[in-house]
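1. okay, predicted coordinates and the sequence, questions at the end:
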Amino acid sequence: MDLTYKNDKDRFGHLCNNQQFADIYFIFKNDKEHQRIPAHKLILSVGSDVFKTMFFGSLPTQTDEIEILDVEPDGFKALLKYLYSQEVQINPEIVMSTLYAAKKYNVAELELFCVDFLEKSLTANNAFLLLNQARFYDELELAESCLKVIEKNTREALDSDCFIDIDLGTLIAVLERKTLQVFESDLFEAIFLWSKVECVRKELPVTPENQRTVLGRALSLILYPLMTFKKFANGPVRSRLLTDIQVTKFCMIIASKTNSMETPRCSTNLALAKTPEVHLKFNYLTHLIQKQQHFIDSFAFSQPVVIVGFALHTYLMKDKSKITLTLKDSLQPVFDITQCNDLSSTSLELPIILSRPFVINSSEIYTIETQIEKLSDCDLAPQNCLNKNYGELNCVYCGRYNRYQVAKMAVMEHIKPLNMNSVDYFNFIKCSGIISQIIFYEANSNVDPEDVLVRSFDIFKSN
């Protein structure tokens, strides 16, 4: 019989979870099953100083069975697999319990493997799953990494299957973040769905009263005054989760706003809930714009802003034609949106409202690609598209000034409190002429959450 082994993996790997020569057993008990995992003290002690002290220290354990209460069986098995064969066998479902086991038994190499795995696999689709587990296992750095991914991709994370499975503490931790790139109505819709699922988990009838109970403080962390009347009426009011007094007070605050769209949570001046909605309008010598189906524009802002929509000139678009707009940063497409031009033939602009607010970083160049499905039969733009009262905005393209005339000032009084001229904070790097407006808010910077006077819990506390 050939007993030659090439390495320790061949020598000891087959003994993992094998009763042959086993001298210690680890017991796992739960409501569904009872597991008894065999192991070998010497092999475990070679790879872990915690096991070495446990079995061969000054006060070694005297029993051949040890019950494990704080580690999941699959995570413990992954730990044993590594100690026996130096093989790492982890997946998204067990990586957190494996990381916890590696930290508990001081197996640094496996811990690093788990952290690397998490960093590479963290996405908007699994951020809530990993955040829930990170909070459970007290992995603060990982939890913060998950929160940052959720902040930047809030809508995608809320739409993931993992969201409805989180606990209340995790939900509150997310709602307390003031830089979520999402509209408040979408946040409310998400917690409304979560409350229904939570009622079922707790075996409670799904009623507004029980939904309020399972949501607890989370219900007061929605910033209702940031919504429009329409969104507030179709969401919170219709859900019946708010009292009549709360609805009345929020309506009074919403009525004091002049914005036509929802204010993003990640915009500034939340203390007043009156963050200016800025419409940066451009007026072009439209007869110079080439009649084509594909347009490319590049731009940059000198300060962070939150873009919520665009408007496009419609004179090149055939009625009922599909329009696809793709926004890209320097690395890859950020998102795309397809909309039908179903406006009347006299409409000069087609509004494109984004499904979520998007933060534009200062001095970074972004590209917008616009694809028109069908061109109109008209060769020239209507004369009222032109405005000769605006001077030329110098937009450098290939070392030359851009040939189009655009507005030097944003055509809206909300720009005045910002005390900035458009040429001071915005620049077209490449301008096709198809974009007629950029709708945005000033980005959230250095806003202390405790200074947000309109926080919903103030109204909840007063009832």
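-> On my side now, so go ahead.

2. what sits against the closest residue to V206 other than its chain neighbours?
-> Using Cβ to Cβ, 6 or more residues apart in numbering and skipping residues adjacent in sequence, the residue nearest V206 is C199, 4.7 Å away. Yep, even glycine has a C-beta here, placed from its N, CA and C like the rest. Contact analysis of C199 by Cβ atoms under 8 Å, 6 or more residues apart in numbering lists 205-207, 210-211, 214.

3. one more pass at 6 Å, please.
-> 206, 210, 214 (Cβ atoms under 6 Å, 6 or more residues apart in numbering).

4. just the buried residues from these, in PyMOL please.
-> To isolate the buried ones among the contacts of C199 in PyMOL, judged by 16 or more other Cβ atoms under 10 Å, type:
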select buried, resi 210+214
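
5. just the contacts of C199: which are in helices?
-> Counting by DSSP state H, the part of the contacts of C199 found in helices is 210, 214.

6. which single one of the contacts of C199 is nearest to H40?
-> V214 (46.9 Å; Cβ to Cβ).

7. right, and that closest one touches E198 too?
-> Yes: using Cβ atoms under 6 Å, V214 makes contact with E198 at a distance of 4.3 Å.

8. ranges for the strands of the stretch 301-450 of the chain?
-> All strands of the stretch 301-450 of the chain, identified by DSSP state E, counting those that start in this stretch, fall at 305-313, 322-328, 333-340, 349-360, 366-372, 396-397, 400-401, 426-430, 435-442.

9. can you dump the C-alpha coordinates of the longest one into CSV?
-> What it means is strand 349-360. Output of strand 349-360 as CSV, limited to C-alpha atoms (Å, rounded to 0.1, in the frame of the first residue of the first chain):
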residue,chain,number,x,y,z
GLU,A,349,-39.4,70.0,-24.5
LEU,A,350,-39.6,66.3,-23.4
PRO,A,351,-38.9,66.0,-19.6
ILE,A,352,-36.9,63.0,-18.6
ILE,A,353,-37.3,62.3,-14.9
LEU,A,354,-34.8,59.9,-13.3
SER,A,355,-36.0,57.0,-11.3
ARG,A,356,-33.6,58.0,-8.5
PRO,A,357,-31.5,61.1,-7.8
PHE,A,358,-27.9,60.8,-8.9
VAL,A,359,-25.0,62.7,-7.2
ILE,A,360,-22.6,64.3,-9.6
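
10. domains of the protein?
-> Following automatic domain parsing, one gets these domains for the chain: 8-121, 167-269+450-463, 278-442.

11. possible to save the ones you listed as TSV with distance to R135 and mean pLDDT?
-> Formatted as TSV, the domains of the chain follow (distance: least, Cβ to Cβ, whole Å; pLDDT from 0 to 100):
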stretch	distance to R135	mean pLDDT
domain 8-121	10	89
domain 167-269+450-463	6	87
domain 278-442	25	69
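
12. now render the ones you listed as JSON lines, adding distance to I150.
-> Below are the domains of the chain laid out as JSON lines (distance: least, Cβ to Cβ, whole Å):
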{"stretch": "domain 8-121", "distance to I150": "15"}
{"stretch": "domain 167-269+450-463", "distance to I150": "6"}
{"stretch": "domain 278-442", "distance to I150": "12"}
